[in-house]
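K.L.:
Quick one: sequence and predicted model below, then my questions.
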Amino acid sequence: MHDTLLFYTKGAEWLFNTQYEPLPIKTADSWYRNIETETGRRFNKADLTAAKGGGDTSYEWKGVRPPVGRFWAYSKENMERMDAEGRLVYSGSGRPYMKRYLDESRGVSLQSIWTDISMLRGIQSTGDQVERLGYPTQKPVALLERILAASSNEGDVVLDPFCGCGTTVHAAEKLGRAWIGIDVTHLAIGLIEKRLRDAFPKVAFTTHGVPQDLAGARDMANRGRADKNYYFEFEKWALSLINAQPGNLSKKGADKGIDGNIYFGKTSRAIVSVKAGDNVSVAMIRDLRGVIEREKAEIGVFLTLTEPTKPMVAEAAAAGQYIDKDDDRPVPRIQIVTIEDALKLRDRAVHLPLARGDTFKKAAREEDRSAQGKLDL
């Protein structure tokens, strides 16, 4: 089971940076057997002769000349410099060798089969615990870092036209590349935005093609009324605002009144119902209440584009409060959240006890880098 990476170039000029992996322990132990007394650094003794000469390479060095038929590999000036730096070591006969330190070794150049990067498994190991975000086709950041390091330099522009949960743009931001990511689903776009802000708190980017305000949300909802599939994208976008996971990613079959889920505490769940229509009613709140009772969920969230009516607010209040056994702060059992509030507050628009924030898991915070500049392409 493997993937094949294909490397294409547009023209005759192209870039490829050879990547290296650490020397195997067995190789390091056999090659670097000498230890420098002053520093404790391990080194091997490299031959200082060459088969072909060039310039002044037949000189005598501290009473020693190269063997017959060979030449010094370095000029006398360079030999003097290395000697002054303490990088020469001598055999019993006085022949010089150059110290090559283990800690300066680039390692072994990578070949076409990579076995040192682990896949992200469904059962997470300790190393995957933070990186695994819950997106089904997610790839390890280390894999994309290697690909980008090999095929681009810092400051270059990286394009991922099918960016999924954003591993490529995450790696590009981490390595100091500019980037453009494209995806057709609002689920992916919402996840990428959250991932980038979690990993790089000072990151700067512009998202195109998704609503930025209430007018944009209404326009998207109106288009969704004419196209059922597009309406599902509105749902996914709306759910992403409050960090909720779609209840049925494929939307095949009935959703049973569950448009999304937010998980909190150890095993607790909030069910989300999304409404994009102009007409909302108290019956919809009763329906949501019935769903959370049927599903034995703790909380229901009614996410609406249209302002709720007073009877709806009263019906939600009548559902009472929920108090988690591990958190004595009560929160409303039925919560009505408008899209306008969600645009302003994001996941803070929903009140949950012991909020985990890992419906899609939080990306680990990366070392701070300069924020990406705007790409006017």
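P.N.:
Looks like it arrived, so ask away. On a predicted model such as this, the values are computed, not experimentally measured, just so you know.
K.L.:
residues contacting Thr167?
P.N.:
138-141, 143-144 (C-beta atoms under 8 Å, 6 or more residues apart in numbering). The way it works is simple: take the backbone N, C-alpha and C, and place the C-beta from them, glycine included.
K.L.:
Okay, helices next: where are they in the stretch 51-200 of the chain?
P.N.:
76-84, 141-151, 167-174, 186-199 (DSSP state H, counting those that start in this stretch).
K.L.:
show me the contacts for Ala319.
P.N.:
289, 300, 332-334.
K.L.:
swap in Ala50?
P.N.:
By C-beta under 8 Å, 6+ apart, Ala50 lies in contact with 57, 70-73.
K.L.:
For it, give the beta-bridge partners.
P.N.:
Phe71 (DSSP bridges).
K.L.:
circling back: what would the contacts of Ala319 look like in a markdown table with neighbour count, pLDDT and distance to Leu239?
P.N.:
Below are these laid out as a markdown table (neighbours: other C-beta atoms under 10 Å; pLDDT from 0 to 100; distance: C-beta to C-beta, whole Å):
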| residue | neighbour count | pLDDT | distance to Leu239 |
| --- | --- | --- | --- |
| Arg289 | 18 | 96 | 20 |
| Gly300 | 29 | 97 | 14 |
| Pro332 | 17 | 96 | 19 |
| Arg333 | 20 | 97 | 20 |
| Ile334 | 23 | 97 | 17 |
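K.L.:
for those, which one is nearest Thr9?
P.N.:
Set against Thr9, the nearest of the contacts of Ala319 by C-beta to C-beta is Gly300 (54.2 Å).
K.L.:
Which stretches in the stretch 151-300 of the chain count as strands?
P.N.:
Assigned by DSSP state E, counting those that start in this stretch, the stretch 151-300 of the chain shows strands spanning 157-160, 178-181, 245-246, 260-264, 268-275, 299-304.
K.L.:
Would you tell me which of those strands gets closest to Glu193?
P.N.:
strand 178-181 (10.3 Å).
K.L.:
That closest one pairs with which strands, and in what direction?
P.N.:
Applying DSSP bridges, one finds strand 178-181 paired with strand 157-160 (parallel).
K.L.:
Flag every buried residue along the strand it pairs with.
P.N.:
Of all the residues in strand 157-160, those buried under the rule 16 or more other C-beta atoms under 10 Å are 158, 160.
K.L.:
pLDDT below threshold where in the stretch 251-377 of the chain?
P.N.:
251-255, 355-362, 367-377 (pLDDT under 70).
K.L.:
repeat that for 50
P.N.:
376-377 (pLDDT under 50).
K.L.:
about what we covered before: hey, which of the strands of the stretch 151-300 of the chain is tucked in deepest?
P.N.:
When you average the neighbours per residue for each of the strands of the stretch 151-300 of the chain (mean count of other C-beta atoms under 10 Å), strand 299-304 leads with a mean of 26.
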